[in-house]
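[1] Build me a model from this:
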Amino acid sequence: MAELQDVAILDARLVDPATGREGRGSLLLRGGVIASVEWGAAPETGEDVRRIDARGLVVAPGLVDLRAFLGEPGAEFRETLGTGSQAAAAGGVTTIVCRPDTDPPIDDPAIIDFIKRRARDKAIVNVLPCAALTKGLQGKEITEFGLLLEAGAVAFGDGAKALRNPQIMRRAMIYARDFDALIMNHVEDPDLRGSGVMNEGEFASRRGLPGIPREAETVMLERDIRLARATGGRYHAAMISCSDSIELVRRAKAEGLRVTCGASINNLTLNENDVGDYRTFCKVSPPLRDEQERLALVAALAEGVIDVVVSDHDPQDVETKRQPFAEAADGALGIETLLSASLRLVQAGQIALPDLLAALSTRPANLLGLGCGRLAPGAPADLMLLDIDAPYVVDKRKLKSRAKNSPFDEARLEGIVQITFVGGRGVYEASAA
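    Model (predicted):
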């Protein structure tokens, strides 16, 4: 690998979500970290430094995506660490937490070792594994948290499967507490979901589709919060989608419980009407809710009740989406459009840019104990240079993911990442894409 060159990013609009500060300034990157941050006039630099004139561009920490399916091992036909990381870099994402529901699942240190080696060889962004909460994702026996953490796991969950058994969840929280480990559960009770395929309500009834009640989410979330209270463990609801869930999390935080939550970019920017005439690209889990629920999520994000925004990147094979809506697989692409879709909320005046970027970078980094997500000397030089007002139309054929099932296909978005740095190394440039 070529020697890492010093880089000066000059005259940018710096946005530091860790402090909320934004303004004109410059950065010096050296040895894979941010060597200095200068607010105001651009400093003088030596001749051996690569200079980037960032006038007109936003420079901010790269995004940390807590939930993405990357295909390896076992589902390389849907995505690979290589293609997924290329899509991430194009969207300003510099760290991905990959889901554990692979084949075989990430329930053994050897699988983590495989992912780390493959990521080192094939990925251009940081890839961190979320290990399985239960062996084989079967919900019956807890995995070896200590060995998995030692191997490199950053959190525990069963991916798109919710842990149904409350006794197993209680034991898992007690076990995780001893390691100060984070449990991330997919809060959807499979029995209450039943045969539902979209948000329960008038829209589903008019389409002749069975609905998924909000209680499928809130009953499991309330159970988990009660267990977090009883055990003192760290608990993260991977994605919430309705106002009742927001209230549960708000009360848990007011009580001082170690409870956090995320929301998918799909639920923050789309609603059930986007399903339209049975668009399977908009069949996701949790389902797209009605507009009132979407607006409640946005308000909770601005308030800070919702801690993180995730892509819920879940590429699907064309054959699993080219089905009647009720039979199509859940899941949609999200990692490459995560940032520009999120910027819709800024453009609508619903959230300030530093607050949005905190939910996309600083807070997820803090949850995992990472040093990124901030513009400060000594922080990893994981950065993006963003033309925040540049418009484009999403063309699924041009997305870098192996699959093409984007719910934002043909949508008009703003915000194009020009350059992405990971560890001080330029891994993506729009002009060269």
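[2] what comes up buried for the one helix or strand in the chain whose mean pLDDT sits lowest?
    None of the helices or strands of the chain scores lower by mean pLDDT, DSSP states H and E than helix 318-321, at a mean of 92. Buried residues in helix 318-321, counted by 16 or more other C-beta atoms under 10 Å: T320, K321. Placement of C-beta: from N, CA and C, glycine included.
[3] immediately after it, which helix or strand?
    Elements were assigned by DSSP states H and E; along the chain past helix 318-321, the next helix or strand is helix 338-347.
[4] Regarding the protein, what is its longest helix?
    For the chain, the longest helix by residue count, based on DSSP state H, is helix 215-231.
[5] got any ranges where the stretch 301-433 of the chain has weak pLDDT?
    Flagging of the stretch 301-433 of the chain using pLDDT under 70 yields the residue ranges 432-433.
[6] so where do the helices sit in it?
    For the stretch 301-433 of the chain, the helices defined by DSSP state H, counting those that start in this stretch cover 318-321, 338-347, 353-357, 363-368.
[7] got JSON lines for those, with distance to P377 too?
    Conversion of these to JSON lines gives the following (distance: least, C-beta to C-beta, whole Å):
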{"stretch": "helix 318-321", "distance to P377": "46"}
{"stretch": "helix 338-347", "distance to P377": "25"}
{"stretch": "helix 353-357", "distance to P377": "19"}
{"stretch": "helix 363-368", "distance to P377": "16"}
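[8] E22 is nearest to which of those?
    helix 353-357 (5.9 Å; C-beta to C-beta).
[9] what does the closest one contact?
    Counting contacts by C-beta atoms under 8 Å, 6 or more residues apart in numbering, the residues outside helix 353-357 that touch it are 15-17, 20-22, 58, 60-61, 63, 301-302, 304, 309, 342-343, 345-346, 388.
[10] In three-state terms, label the closest residue to F325 other than its chain neighbours for me.
    Excluding its sequence neighbours, the residue lying closest to F325 (C-beta to C-beta, 6 or more residues apart in numbering) is Y278, at 4.1 Å. Secondary structure, DSSP: H, G, I helix; E, B strand; the rest coil: Y278 is coil.
[11] follow-up on the earlier one: what about burial for the contacts of helix 353-357, which qualify?
    Buried members of the contacts of helix 353-357, counted by 16+ other C-beta under 10 Å: 15-17, 22, 58, 60-61, 63, 301-302, 309, 342-343, 345-346, 388.
[12] Of the helices of the stretch 301-433 of the chain, which is nearest E429?
    Among those, if distance is taken as C-beta to C-beta, the winner is helix 338-347, at 16.1 Å.
[13] which helices and strands sit right next to the closest one?
    For helix 338-347, the helices and strands in contact under the criterion 3 or more C-beta pairs under 8 Å, 6 or more residues apart in numbering; DSSP states H and E are strand 63-68, helix 265-269, strand 308-310, helix 353-357, strand 383-393, strand 412-422.
[14] returning to what we had before: distance from the least confident helix or strand of the chain to the middle of the chain?
    23 Å (C-alpha atoms, centre = their mean, to the nearest Å).
[15] Kindly state the domain boundaries assigned to the protein.
    7-59+380-432, 63-368 (automatic domain parsing).
[16] Return the alpha-carbon coordinates of the least confident helix or strand of the chain using PDB.
    Taking Å, rounded to 0.1, in the frame of the first residue of the first chain, the C-alpha atoms of helix 318-321 are listed here in PDB:
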ATOM      1  CA  VAL A 318     -34.300  -9.500  -8.200                       C
ATOM      2  CA  GLU A 319     -36.400 -12.700  -8.000                       C
ATOM      3  CA  THR A 320     -37.400 -12.100  -4.400                       C
ATOM      4  CA  LYS A 321     -38.700  -8.600  -5.300                       C
END
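[17] burial of the residue nearest to F325, as a residue count?
    16 (other C-beta atoms under 10 Å).
[18] Over to S205?
    By other C-beta under 10 Å, the residues close to S205 number 11.
[19] Which strand residues bridge the nearest residue to it once chain neighbours are set aside?
    Nearest residue to S205, sequence neighbours excluded (C-beta to C-beta, 6+ apart): G211, at 7.4 Å. With DSSP bridges as the criterion, G211 is bridged to M198.
[20] What count of nearby residues applies to G211?
    Neighbours around G211, by other C-beta under 10 Å: 22.
[21] ok, it touching G194?
    No: using C-beta atoms under 8 Å, G211 is not in contact with G194, being 9.4 Å away.
[22] picking that back up, residues contacting the helix or strand following the longest helix of the chain, please?
    Using DSSP H and E, the helix or strand that follows helix 215-231 in sequence is strand 234-237. For strand 234-237, the surrounding residues in contact (C-beta under 8 Å, 6+ apart) are 155, 173, 176-177, 180-185, 187, 221, 224-225, 227-228, 245, 249, 257-262, 307, 367.
[23] Just the buried ones from these?
    155, 173, 176-177, 181-185, 187, 221, 224-225, 227-228, 245, 249, 257-262, 307, 367.
[24] now the nearest residue in space to A352 that is not next to it in sequence: how far from L268?
    Excluding its sequence neighbours, the residue lying closest to A352 (C-beta to C-beta, 6+ apart) is V346, at 7.2 Å. According to C-beta to C-beta, to the nearest Å, V346 stands 12 Å off from L268.
[25] swap in V58?
    Relative to L268, V58 is positioned 20 Å away (C-beta to C-beta).
[26] What of V37?
    In terms of C-beta to C-beta, V37 sits 30 Å off from L268.
[27] which one of the two has more residues nearby?
    L268 (25 against 17).
[28] which one is that one nearest to, not counting chain neighbours?
    Leaving aside its chain neighbours, L268 sits nearest to L297 (5.5 Å; criterion: C-beta to C-beta, 6+ apart).
[29] Quick check: which element contains that neighbour?
    helix 291-303.
[30] Now do the helices in the stretch 101-250 of the chain.
    So, for the stretch 101-250 of the chain - with DSSP H, counting those that start in this stretch - the helices run 109-122, 145-151, 166-179, 190-193, 202-207, 215-231, 243-254.
[31] Okay, now the unreliable bits of the stretch 151-300 of the chain?
    Where the stretch 151-300 of the chain is concerned, nothing drops into low confidence, which here means pLDDT under 70.
[32] Look up which residues are beta-bridged to I96.
    Going by DSSP bridges, I96 forms beta bridges with D65, V127.
[33] Hmm, it is touching L63, no?
    No: counting by C-beta under 8 Å, I96 does not reach L63; the two are 9.2 Å apart.
[34] returning to what we had before: nearest to N273, of the helices of the stretch 301-433 of the chain?
    Using C-beta to C-beta, these put helix 338-347 closest to N273, at 15.6 Å.
[35] Just want the angle from that closest one to strand 63-68.
    Angle of helix 338-347 versus strand 63-68, following axes from the mean of the first three to the mean of the last three C-alpha atoms, to 10 degrees, is 110 degrees.
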